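**Q** Fold the following, please.
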Amino acid sequence: MNEPLLPQLDYKTITKNFLTELQRASLGKPSSISYLRNQLFQRSILKPHEKQIIQAIVIGGTNYITATQELFSDGTTRFISHKTGELPLIADETILKAFFRKHYDQQAVALGINFGFPMLPTIGPNGELDGKMLGGTKEHLFTGLVGKNLGDFIRETIKKNIPVAVA
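**A** Below is the predicted model of the structure:
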């Protein structure tokens with residue numbers, strides 16, 4: 001099985017570019033960052049272990065991506081799985097529950113969710129970023145989810161009290 005390779009990241013360049021974008025945005029100049037509404041914590045929300053499994057899920061208007069990785073205490077990682085597919089129309093909370101029940105990896109001790117729908121930023125119980133659903137877009141109505149924190153909804157759905165970071 002061919003596992004996707006992680007590119008070697010140049011963190012100094014990434015940091016420099018991000019700071020430049022923040023400075024441009026703060027001066028009202030064109031930027032890819034219009035504003036930041038959450039402050040990131042300086043500590044990890046994961047408890048230190050020799051190894052742990054985390055999962056990322058990207059949910060957009062048409063497609064989804066899931067990726068599960070094993071993180072080791074020395075900073076190295078190993079891909080376990082990577083899947084893409086077409087997102088079902090999320091008319092109501094039962095459809096989103098079914099999606100998470102189907103795609104959540106039971107081994108994961110933390111979830112990172114990139115959620116491409118309107119949310120009001122909040123903080124979850126473990127200090128992680130979360131978001132309160134503001135409403136749907138186009139065919140995705142999210143009936144029954146408006147006003148709920150997505151991280152709380154996911155923890156209830158998968159029946160596990162784990163960190164769920166939502167952006």
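
**Q** May I ask which helix or strand encompasses the spatially most central residue of the chain?
**A** Nearest residue to the geometric centre of the chain (Cα atoms, centre = their mean): residue 113, 1.9 Å. Residue 113 belongs to strand 110-115 when elements are defined using DSSP states H and E.

**Q** The next helix or strand after that strand - what's its average pLDDT?
**A** As assigned by DSSP H and E, the chain's next helix or strand after strand 110-115 is strand 119-123. Averaging pLDDT along strand 119-123 yields 88.

**Q** and what of stretch 29-49?
**A** Stretch 29-49 comes out at a mean pLDDT of 59.

**Q** and if you look at stretch 79-95?
**A** Stretch 79-95 carries an average pLDDT of 91.

**Q** Measure how buried the closest residue in space to the residue nearest to the centre of the chain that isn't next to it in sequence is and give me the count.
**A** Spatial nearest neighbour of residue 113, excluding adjacent residues (Cβ to Cβ, 6 or more residues apart in numbering): residue 166 at 4.6 Å. Every residue, glycine included, has its C-beta placed from N, CA and C. By other Cβ atoms under 10 Å, 26 other residues sit near residue 166.

**Q** What of residue 157?
**A** There are 16 residues near residue 157, going by other Cβ under 10 Å.

**Q** That one in helix, strand or coil?
**A** Taking DSSP: H, G, I helix; E, B strand; the rest coil as the rule, one finds residue 157 in the helix state.

**Q** That one touches residue 99, doesn't it?
**A** No - proximity of residue 157 to residue 99 does not meet the contact threshold set by Cβ atoms under 8 Å, at 9.1 Å.

**Q** Identify the single longest helix in the chain, thanks.
**A** Taking DSSP state H as the criterion, the chain has its longest helix at helix 11-26.

**Q** No further queries at this time; thank you.
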